[in-house]
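Trainee: Return atomic coordinates for the entry below.
(chains A and B)
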Amino acid sequence: AQSVTQPDIHITVSEGASLELRCNYSYGATPYLFWYVQSPGQGLQLLLKYFSGDTLVQGIKGFEAEFKRSQSSFNLRKPSVHWSDAAEYFCAVGAGGYNKLIFGAGTRLAVHP
Amino acid sequence: NAGVTQTPKFQVLKTGQSMTLQCAQDMNHEYMSWYRQDPGMGLRLIHYSVGAGITDQGEVPNGYNVSRSTTEDFPLRLLSAAPSQTSVYFCASSPTAPRYSGANVLTFGAGSRLTVL
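Mentor: Numbering: from 1, shown residues only, chains lettered A, B, ... in the order given. Okay, the predicted model is just below:
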């Protein structure tokens, strides 16, 4: 069965520090992978997506993610975090039909000034 | 351009009551879906629709009913509310629903927070 694991429930970083959020997936075929961000009280906004091709994908707000098939991972990175990046981040995999997404449990990011 | 609009934003129900969460999109999207978000569990798919008149069950459909009479609207009905249905509900849509693609990006509404006492 398809699944997504985000090992870190909470992460705290200092403003200006680098960030890496981990995501591991389980899916038999070539995955479609997504990262969404949810600010407090808001809906989910797409940060970036991987469908095929270059395994390093760039997204909005300075985020990037790297697809590693051998590790079944799709980790999200940002070189320098801003206070406005504090939010909850969700990794998701396309479940193979009709745009159904399987979401991870989310990682809540706190940013210290 | 409103995108995906959900109403109400907040609702409190008593056990056994029924209600409808409304979802409307103005992007002419074929695919619409409902998710619920619970702490530590991410988002789970309740029901989805690939076009007017066509609906199907997701991962957690029990206790919920949907219909799709128009392209724009996809209401979610709670038939007899239970405390276990306390959650935040998100409606999401995407342009097309090619089978086995899973490749279209979902546009989410702002959510509806439901509390069942």
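Trainee: what about residue 40, neighbour count?
Mentor: Because you didn't say which chain, this covers chain A. The number of residues packed around A:Pro40, counting by other CB atoms under 10 Å in any protein chain shown, is 7. C-beta here means a position set from N, CA and C on the backbone, and glycine is covered the same way.
Trainee: meant chain B actually
Mentor: The local packing count at B:Gly40 equals 7, with neighbours defined by other CB under 10 Å.
Trainee: pLDDT score for the nearest residue to A:Asp85 once chain neighbours are set aside?
Mentor: In space, and not counting its chain neighbours, A:Asp85 is closest to A:Val111: 5.9 Å by CB to CB, 6 or more residues apart in numbering or on different chains. According to the prediction, A:Val111 has pLDDT 96.
Trainee: Just to be sure, A:Val111 is in a strand?
Mentor: Yes - going by DSSP: H, G, I helix; E, B strand; the rest coil, the assignment for A:Val111 places it inside a strand.
Trainee: any idea how far A:Ser14 is from it?
Mentor: 7 Å (CB to CB, to the nearest Å).
Trainee: now swap in B:Met19 and tell me
Mentor: With the distance defined as CB to CB, B:Met19 ends up 44 Å from A:Ser14.
Trainee: Please identify which of these two sits among more neighbours.
Mentor: Residue environment comparison for B:Met19 versus A:Ser14 gives the larger neighbour count to B:Met19, 14 against 9, counting by other CB under 10 Å.
Trainee: partners of the more buried one in the sheet?
Mentor: B:Leu78 (DSSP bridges).
Trainee: so it touches B:Val12, yeah?
Mentor: No - here B:Met19 does not reach B:Val12: they are 10.1 Å apart, not a contact under CB atoms under 8 Å.
Trainee: Understood, closing this out.
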